[in-house]
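Engineer: Model the structure of this input:
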Amino acid sequence: MAIALGLFAALAVAAALTMEPGKYRTLTWVLLGFFSVRVVLGWTRSRKMDV
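Structural biologist: Residues are numbered from 1 along each chain as shown. All right, here's what the predicted structure looks like:
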């Protein structure tokens with residue numbers, strides 16, 4: 001999980017530095033945020049099932 005979230009953070013920084021402000025950069029951030037939430041939710045669900 002930490003590796004996935006680190007990669008998403010790196011991609012978000014790369015998008016911020018390389019893309020011009022506008023709808024494509026915003027869309028990129030929204031998609032990265034969506035996938036980050038999915039990773040965290042999946043990790044949380046797997047932890048609850050282990051208990």
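Engineer: And Arg25, how far from Phe34?
Structural biologist: 15 Å (Cβ to Cβ, to the nearest Å). Heads up, the C-betas are built off the backbone N, CA and C, glycines and all.
Engineer: In space, not sequence, find me the middle residue of the protein.
Structural biologist: In the chain, the centroid-proximal residue (Cα atoms, centre = their mean) is Ser36; its distance is 3.2 Å.
Engineer: Distance check, the nearest residue to that one once chain neighbours are set aside against Lys48.
Structural biologist: Once flanking residues are discounted, Ser36 sits nearest to Phe8: 4.8 Å by Cβ to Cβ, 6 or more residues apart in numbering. Using Cβ to Cβ, we find Phe8 at a distance of 22 Å from Lys48.
Engineer: how distant is the host helix or strand of Arg47 from the center of its chain?
Structural biologist: Using DSSP states H and E, Arg47 sits in helix 23-50. Its chain's C-alpha centre and that of helix 23-50 lie 5 Å apart, by Cα atoms, centre = their mean, to the nearest Å.
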